[in-house]
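>>> here are the coordinates; sequence isn't available:
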Ligand code: GLU
């Protein structure tokens with residue numbers, strides 16, 4: 001094992017957004033590429049935002065994608081516990097240490113005090129300018145402070161931002177990013193209930209868990225200056241930081257949000273999330289009929305590229321090729337068509353039997369496994385999602401529910417009816433009814449009668465499947481079998497004639 005240790009650190013505040021999956025993926029790829037360790041840490045210190053079921057959802061999603069953590073809650077590891085709520089007692093002492101050093105201070109401001117500060121100046125933040133007017137350890141005398149602490153009144157601990165200092169972050173994606181402490185607030189690091197805020201818990205755990213690289217979403221970049229300062233105050237070596245680009249809406253404008261799922265009719269979560277109320281019910285990539293490897297491949301390219309033309313990468317190939325250097329800085333547009341294209345490529349690569357098992361519950365038990373596998377084989381090049389197999393190919397699981405009237409008007413000629421009917425007879429007498437023999441019988445009939453292919457084949461296709469877009473006609477006929485084909489030719493011709501007379505009426 002190398003010293004590379006990375007963590008995916010979601011907060012269980014709801015279902016994991018697809019952007020979170022990408023963060024997990026990049027952490028996983030980076031760790032595995034370096035022979036390092038991929039850790040799952042659950043950041044659940046904010047009890048107000050805790051959502052039951054969210055942690056299980058995260059684990060289920062990671063398992064679905066095969067991004068199994070080496071360490072984490074339920075996964076073992078020497079640096080646990082891996083749920084911050086179970087590490088409660090770890091944090092306060094570091095906050096107090098920073099107070100003792102003069103890098104942090106106690107504060108007793110009530111919500112009303114803080115509101116008042118903001119009403120006096122809407123842009124006010126708790127910082128060097130305002131802290132001198134507030135109720136904190138810096139404005140109380142030593143005796144008052146002692147009394148206050150002894151009285152047991154709840155306090156928070158705030159970080160004391162040094163005056164006018166440039167804090168430089170070396171980000172492996174963005175290069176050098178500098179924040180001036182004048183623009184940073186005195187963030188709360190320990191709350192009134194003794195629980196750490198995200199900032200404190202994050203750096204303490206990254207330190208204690210020996211995290212070498214922090215790879216996370218761009219939204220955390222502005223907090224990193226605070227983190228870098230805390231590492232310095234504690235005398236700890238900071239991990240290396242990489243902030244990932246935003247995932248943008250399909251339109252390319254603005255950040256992809258959970259509401260975009262419903263708006264654009266696409267999944268923005270990996271799996272279904274069903275908290276028991278309609279409003280928050282979200283379908284996932286899995287329910288939309290995506291294969292996990294296809295989603296992984298798609299997400300890998302949302303913000304990274306290998307620098308070659310190759311687009312299809314298995315998870316192992318991604319591990320081999322991944323490097324932080326090739327992560328882009330600019331936002332990555334969520335291109336749903338591309339996601340479907342990937343899925344199609346992976347569906348084509350998937351064994352027919354595997355696809356059959358996936359659609360088993362969608363089709364009648366009358367169709368045995370062998371039939372189902374063959375049907376998947378016929379349809380897989382024509383669909384973008386698993387669910388499309390029985391939908392787009394519904395004519396393989398029952399007579400056509402619809403006939404394409406436009407095509408019928410274009411292709412059907414009444415003069416050919418006698419041939420069509422004669423052909424039914426020919427097919428009825430074939431000894432073997434496979435693709436080869438039906439094809440040679442039909443083509444033989446066409447040749448013998450000096451007809452064109454166009455006189456017979458399109459109508460035969462429309463009568464059997466209702467559409468011109470189906471799979472190979474002869475393969476399809478073989479699968480349906482002689483009896484079914486003969487019934488469909490007879491019924492189909494009737495339907496076609498009905499459509500024609502309706503159009504003429
Ligand atoms: N708990 C934070 C989140 O929900 C983690 C940010 C980080 O990786 O430091 O995204």
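Nice, thanks for sending it over. Since the model is a prediction, treat every value here as computed from it, not as a measurement.
>>> contacts and neighbour counts: CA atoms only from here.
Noted.
>>> any idea which helix is longest in this protein?
Looking across the chain with DSSP state H, the single longest helix is helix 482-504.
>>> what's in contact with that helix?
When contacts are defined by CA atoms under 8 Å, 6 or more residues apart in numbering, helix 482-504 is touched by residues 399, 403, 405, 408-409, 412, 421, 424, 427-428, 433, 460, 462-464, 466, 477.
>>> cool, stretch 380-388 as well?
288-291, 340-341, 343-344, 347-348, 355, 358-359, 389, 392, 471.
>>> Ok, stretch 39-59 next?
Counting by CA under 8 Å, 6+ apart, the neighbours of stretch 39-59 from elsewhere in the structure are 5-16, 69-73, 82-85, 195-198, 271, 273.
>>> Return the distance of the longest helix of the chain from the chain's centre.
45 Å (CA atoms, centre = their mean, to the nearest Å).
>>> average pLDDT across it?
Along helix 482-504, the predicted confidence averages to a pLDDT of 94.
>>> likewise stretch 244-254?
Rounded mean pLDDT across stretch 244-254 is 95.
>>> now swap in stretch 48-65 and tell me
The average pLDDT for stretch 48-65 rounds to 94.
>>> Who are the packing partners of the one helix or strand in the chain whose mean pLDDT sits lowest?
When the helices and strands of the chain are compared on mean pLDDT, DSSP states H and E, helix 258-264 comes out lowest with a mean of 89. Using 3 or more CA pairs under 8 Å, 6 or more residues apart in numbering; DSSP states H and E as the contact test, no helix or strand touches helix 258-264.
>>> Show me which residues of the chain sit near the ligand.
Counting by CA under 6 Å from any ligand atom, the residues of the chain close to the ligand are 9-11, 43, 216.
>>> can you redo those residues as CSV with secondary structure and pLDDT?
Rendered in CSV, the data for the residues of the chain next to the ligand read as follows (DSSP: H, G, I helix; E, B strand; the rest coil; pLDDT from 0 to 100):
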residue, secondary structure, pLDDT
9, coil, 98
10, coil, 97
11, coil, 96
43, coil, 96
216, strand, 98
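>>> among the contacts of stretch 39-59, which ones are buried?
Neighbour-count burial (16 or more other CA atoms under 10 Å) is assigned, among the contacts of stretch 39-59, to 5-16, 69, 71-73, 82-85, 195-198, 271, 273.
>>> So which of those residues belong to helices?
Among those, DSSP H puts residue 198 in helices.
>>> give me the beta-bridge partners of the closest residue to residue 23 other than its chain neighbours?
Leaving out its chain neighbours, the residue that sits closest to residue 23 by CA to CA, 6 or more residues apart in numbering is residue 216, at 5.9 Å. On the basis of DSSP bridges, residue 216 takes part in beta bridges with residue 243.
>>> Residue 216 against residue 25, yeah?
No: under the criterion of CA atoms under 8 Å, residue 216 lies out of contact with residue 25, with a separation of 10.7 Å.
>>> Common neighbours of those two, please.
None of the residues lies in contact with both residue 216 and residue 25 under the rule CA under 8 Å, 6+ apart.
>>> How many residues are close by whichever residue of the stretch 301-450 of the chain sits closest to the ligand?
Nearest residue of the stretch 301-450 of the chain to the ligand, counting by CA to the nearest ligand atom: residue 324, 15.9 Å away. When neighbours are counted by other CA atoms under 10 Å, residue 324 registers 16.
>>> distance of it from residue 298?
Distance from residue 324 to residue 298, counting by CA to CA, to the nearest Å: 17 Å.
>>> ditto for residue 283
Distance, residue 283 to residue 298, by CA to CA: 18 Å.
>>> Now the stretch 51-200 of the chain against the ligand: closest residue?
Each residue of the stretch 51-200 of the chain has a distance to the ligand, by CA to the nearest ligand atom, and the smallest belongs to residue 198, at 6.8 Å.
>>> which outside residues touch stretch 139-146?
Contacts with stretch 139-146, where a contact means CA under 8 Å, 6+ apart, come from 132-133, 137.
>>> Pull out the buried members of the residues you listed.
Buried subset of the contacts of stretch 139-146 (neighbour count, 16+ other CA under 10 Å): residue 137.
>>> Who has more neighbours out of residue 283 and residue 298?
Legend: neighbour count by other CA under 10 Å for residue 283 and residue 298, higher for residue 298 (23 against 19).
>>> On the three-state scheme, the more buried one is what?
Classification of residue 298 by DSSP: H, G, I helix; E, B strand; the rest coil places it in helix.
>>> In contact with it, which residues?
Counting by CA under 8 Å, 6+ apart, residue 298 makes contact with 338-339, 342.
>>> Show the buried residues in these.
The neighbour count (16+ other CA under 10 Å) marks 339, 342 as buried among those.
>>> Looking at the contacts of residue 298, which are in strands?
The strands in this structure, assigned by DSSP state E, contain none of the contacts of residue 298.
>>> Columns pLDDT on top of the contacts of residue 298, output as TSV?
TSV is the format used below for the contacts of residue 298 (pLDDT from 0 to 100):
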residue	pLDDT
338	97
339	98
342	98
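>>> Would you mind giving the contacts of residue 298 as a markdown table with distance to residue 241 added?
As requested, the contacts of residue 298 are arranged in a markdown table below (distance: CA to CA, whole Å):
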| residue | distance to residue 241 |
| --- | --- |
| 338 | 29 |
| 339 | 29 |
| 342 | 30 |
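>>> so of the contacts of residue 298, which ones are in helices?
When helices are assigned by DSSP H, the members of these inside them are 338-339, 342.
>>> which residues in the stretch 301-450 of the chain form strands?
For the stretch 301-450 of the chain, strands defined by DSSP state E, counting those that start in this stretch occupy the ranges 332-333.
>>> can you give me the helices in it?
Taking DSSP state H, counting those that start in this stretch as the criterion, the stretch 301-450 of the chain contains helices spanning 315-321, 336-349, 352-359, 369-379, 388-392, 405-411, 417-428, 435-448.
>>> leaving aside the residues next to it on the chain, what's closest to residue 245?
The spatial neighbour of residue 245 that comes closest, neighbours along the chain excluded (CA to CA, 6+ apart), is residue 331 at 5.0 Å.
>>> unless I'm mixing things up, that neighbour is touching residue 249, no?
No: taking contact to mean CA under 8 Å, the distance of 9.7 Å between residue 331 and residue 249 leaves them out of contact.
>>> Return the nearest residue of the stretch 201-350 of the chain with respect to the ligand.
When scored by CA to the nearest ligand atom, the stretch 201-350 of the chain has residue 216 as its residue closest to the ligand, at 4.8 Å.
>>> rewinding a little: can you give me every residue that contacts the residue nearest to residue 245?
For residue 331, the residues meeting the contact criterion (CA under 8 Å, 6+ apart) are 245-248, 303.
>>> Residue 390 too?
If you count contacts by CA under 8 Å, 6+ apart, residue 390 has them with 359, 362-363, 396-397.
>>> can you check residue 249 too?
Counting by CA under 8 Å, 6+ apart, residue 249 has contacts 255-257, 260, 333-334.
>>> Quick one, which of those are buried?
255-256, 333-334.
>>> Turn these into JSON lines, columns for distance to residue 146.
Below are those laid out as JSON lines (distance: CA to CA, whole Å):
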{"residue": "255", "distance to residue 146": "48"}
{"residue": "256", "distance to residue 146": "50"}
{"residue": "333", "distance to residue 146": "55"}
{"residue": "334", "distance to residue 146": "55"}
